[in-house]
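> requesting a structural model of the entry that follows:
(2 chains)
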Amino acid sequence: MSVWQAVVAVCLGCYALKLAGLSAPRRVLDHPGVQRFAALVPVALLAALIAVQTFAHGQALELDWPRTAGLGAAVLALLLRAPFLVVLAAAAAVTALLRLAGL
Amino acid sequence: METTTRSSAIRDGLGVGLAVGLSGLAFGAAAVTAGLSVAQACVLSLFAFTGASQFALAGVVAGGGNLVAGTAGALLLGVRNSLYGLRLADLLGVRGWRRVPVAQGVIDETTAVALAQPDEESARTGFFVTFVSLYLTWNATTLLGAVGTSRVADPAVFGLDAVGPATFLAILWPRLTAKDPETRTLRASAAGGVAVALAATPFVPPGVPVLLAAVPVLALVLRRPR
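As a prediction, the model looks like this:
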């Protein structure tokens, strides 16, 4: 498999996966169990994504102090009801400063 | 009231689109460092347009890994977009050929912004504003990052690796802290997803843990059908 073949396969496959969910048949979407599942599953997946992006490096769990502190700063900013971009800036700034400090 | 929720949806969408779009710099740089050409990096951002899968493929190319397995891994990461589609199908109310362009926008960020809105009208607005602003910035920054690789330092130096999780946290926050009868169920789903994903990380290939986060939700739904 060449790199170009892999690139094209990933492009086609990723698009097909997006279209598949959006095009699920009416009777599937109308099923109460499916509706309940579809309403809750994005929250679970996004929460898992936060955890994995913060604490996983490949298949290893790691505690990256600057990144964890950055996320802590985001939590603090959210508790203080800071605007969205301030929350992101706080996370990036704290992480970058701690790395700069050599942690 | 309607205009305020709609303009807050626009603000959310633009904020996420611009902020997350910046990580396209990191993708462009990572892709070219990994050995992809500038054109290959740009084609991935234009047509795959789902960051996690794109980074996964670049990672496999960088490590000289098996490209078939690398492609499968990238697609596995894309499966969650199918699950998002199940929810967005009703929320966006798109039918027929309109699904063809809209499908490209079914990703983490657009779903998160759409679901954070209080009503369907602003959810649609949030989805499309996020989609368009993120699509434009993500592709522009991919090109910039790919072309300027030699001049872009490691994105970790700028703390950009904390921006992804902070974005999703900021988006989920209002739903997880709302005074609403549904909040407890949402918190249980989030906590279950986090626990399962972290517990599974050492044992399964990257991409699978996040998908397994759907399992506790499945259990919740099967136990208490409504």
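> can you pull up the most central residue in chain B?
What sits nearest the mean C-alpha location of chain B, by CA atoms, centre = their mean, is B:Asp108, with 2.6 Å.
> which pLDDT does the model give that one?
On pLDDT, B:Asp108 comes in at 91.
> how far away is it from chain A?
Taking CB to the nearest CB, to the nearest Å as the measure, B:Asp108 falls 7 Å from chain A. Where C-beta positions appear, they are placed from N, C-alpha and C, glycine not excepted.
> and what of B:Ala9?
Counting by CB to the nearest CB, the gap from B:Ala9 to chain A is 12 Å.
> next up, the contacts around that residue.
B:Val113, B:Gln117, B:Ser122, B:Ala123, B:Thr125, B:Gly126, B:Val129 (CB atoms under 8 Å, 6 or more residues apart in numbering or on different chains).
> ok, the residue nearest to the centre of chain B touching A:Leu49?
Yes. Counting by CB atoms under 8 Å, A:Leu49 is a contact partner of B:Asp108 at 6.6 Å.
> which residues do the two both contact?
Counting by CB under 8 Å, 6+ apart, the common neighbours of B:Asp108 and A:Leu49 are B:Ala52, B:Phe168.
> so out of everything in chain A, what residue is nearest chain B?
A:Gly21 (2.1 Å; CB to the nearest CB).
> who's in contact with that residue?
Per CB under 8 Å, 6+ apart, neighbours of A:Gly21: B:Asn81, B:Ser82, B:Leu83, B:Tyr84, B:Gly85, B:Leu86, B:Leu88, B:Ala89, B:Val106.
> among those, which ones are in helices?
Those of the contacts of A:Gly21 mapping onto helices are B:Asn81, B:Ser82, B:Leu83, B:Tyr84, B:Gly85, B:Leu86, B:Leu88, B:Ala89, per DSSP state H.
> tell me which helix or strand the spatially closest residue to the fifth one that is not a sequence neighbour sits in.
Distances taken as CB to CB, 6 or more residues apart in numbering or on different chains place A:Gly21 nearest to B:Gly85, at 2.1 Å, with adjacent residues excluded. Taking DSSP states H and E as the definition, A:Gly21 sits inside helix A:3-22.
> in that helix, what counts as buried?
By 16 or more other CB atoms under 10 Å in any protein chain shown, the buried positions in helix A:3-22 come out as A:3, A:6-11, A:13-15, A:17-22.
> now the lengthiest helix in chain B, how far from the centre of its chain.
Taking DSSP H as the criterion, chain B has its longest helix at helix B:120-147. Offset of helix B:120-147 from its chain centre (CA atoms, centre = their mean, to the nearest Å): 11 Å.
> any residue of it up close to chain A?
No. Contact of helix B:120-147 with chain A (CB under 8 Å from any CB of the partner chain) is absent, the minimum separation being 11.3 Å.
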